[in-house]
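1. Sequence first, then the predicted structure, then my questions.
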Amino acid sequence: MNIYVLLKRTFDTEEKISVKNGAIQEDGAEFIINPYDEYAVEEAIQIRDDKGGEVTVVSVGCEEAEKQLRTALAMGADRAVLINIEDDIEESDQYTTAAILAEYLKDKGADLIIAGNVAIDGGSGQVGPRVADQLGIPYVTTITGIEIDGETVTVIRDVEGDSEKIQTTLPLLVTAQQGLNDPRYPSLPGIMKARKKPLDELELDDLNLDEEDVQAKTETIDIFLPPQKAAGRILKGDLSDQVKELIHALHTETKVI
């Protein structure tokens, strides 16, 4: 099977985000593979091991994303592709990323494309479905299980605490939800092998695209952190006095009653 995984470089989940002059500061920050994309990489490797074929991980972004692609190669992916837009595009959004990925994938003969359900930095969940739409192939989101029998695919998807079984056909795009699998850690032999696996770097010119072709459809007006929460108040004294004080605060301060 010809399997492609859409991968994004995101802030480490434990990283403290700082904003200055309306922009997120990346200097000195730690970055990782978007956690939902790890499920996608793992599932692609398992399917390849069962059905045969090749797993290619693809990322759109900056040169620094090579580290995350190498991690995916160390997990067991066969090859990686970085589409570097850092010098070509000033502002991008989900449309930009999806348009670039669709242009790259249109002639690759992909049987299965797996993306993360959402990226933890933006959380829109749009890129995967947009890519499928531009390629004209079916897609199923938030999957927690997948079985492939020839051209027939049966998937289980999460639907807000319940599950739904869907049957469809290849080629197909799916987005991975937590619970699909347990992503492996790169082993030392895997890390050593990853250094020799192919990692191709492309730019917009290599895809015959201009900046106007993938211009963002949205505009970011401002970026800011939420206001810092005030410390909570501890009521003291007899229970009856605490109740009176609470009612008074709700009535005069928060004005909810």
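-> Arrived safely. Residues are numbered from 1 along each chain as shown.
2. and residue 59, what element?
-> Residue 59 belongs to strand 54-61 when assigned by DSSP states H and E.
3. Need the residues that contact the top helix by length along the chain.
-> Longest helix in the chain by number of residues, with DSSP state H as the criterion: helix 35-51. If you take CB atoms under 8 Å, 6 or more residues apart in numbering as the criterion, helix 35-51 is touched by 1, 3-8, 10, 13, 33, 53-55, 57, 72, 75-78, 112, 114-120, 146, 148, 175-178, 180-184. C-beta coordinates here come from the backbone N, C-alpha and C atoms, glycine included.
4. Please spell out the ChimeraX selection for the buried subset of these.
-> Here is the ChimeraX selection string for the buried members of those, based on 16 or more other CB atoms under 10 Å:
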select :1,3,4,5,6,7,8,10,33,55,57,72,75,76,77,78,112,114,115,116,117,118,119,120,146,148,175,176,177,180,181,183
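5. Mind checking which of the contacts of helix 35-51 land in helices?
-> 72, 75.
6. With adjacent residues omitted, what lies nearest to residue 53?
-> residue 1 (3.5 Å; CB to CB, 6 or more residues apart in numbering).
7. contacting residues for that neighbour?
-> Per CB under 8 Å, 6+ apart, neighbours of residue 1: 47-48, 51-54, 111-112, 148.
8. Backbone dihedrals for the residue nearest in space to the middle of the chain, please?
-> When CA atoms, centre = their mean is applied to the chain, the residue found nearest the centroid is residue 119 (3.3 Å). Per-residue torsions, residue 119: phi -100, psi 140 (degrees, to the nearest 10).
9. Quick check: beta-bridge partners of residue 112?
-> Counting by DSSP bridges, residue 112 is bridged to residue 3, residue 172.
10. Would you check how far apart it and residue 210 are?
-> Counting by CB to CB, to the nearest Å, the gap from residue 112 to residue 210 is 30 Å.
11. got it, and residue 7?
-> 25 Å.
12. And residue 196, by the same measure?
-> With CB to CB as the criterion, residue 196 and residue 210 are 35 Å apart.
13. same question, residue 257
-> Distance of residue 257 to residue 210, computed by CB to CB: 59 Å.
14. just residue 218 next, same as before
-> For residue 218, the distance to residue 210 - CB to CB - is 19 Å.
15. And residue 103, by the same measure?
-> 11 Å.
16. picking up where we left off before, so for residue 257 and residue 210, which residue has more residues nearby?
-> With neighbours defined as other CB atoms under 10 Å, residue 257 and residue 210 compare such that residue 210 has more, 11 against 8.
17. quick one: pLDDT of that one?
-> If you check residue 210, the pLDDT there is 91.
18. List the buried residues for the longest helix of the chain?
-> Quick answer for helix 35-51 (16+ other CB under 10 Å): 35-48.
19. for those residues, which one is nearest residue 229?
-> Taking CB to CB as the measure, residue 229 lies nearest residue 35 of those, at 25.7 Å.
20. For that closest one, give its distance to residue 95.
-> Distance from residue 35 to residue 95, by CB to CB: 23 Å.
21. where do the strands sit along the chain?
-> For the chain, strands defined by DSSP state E occupy the ranges 2-6, 9-11, 19-20, 23-24, 31-33, 54-61, 79-84, 112-116, 139-149, 152-159, 162-169, 172-176, 199-202.
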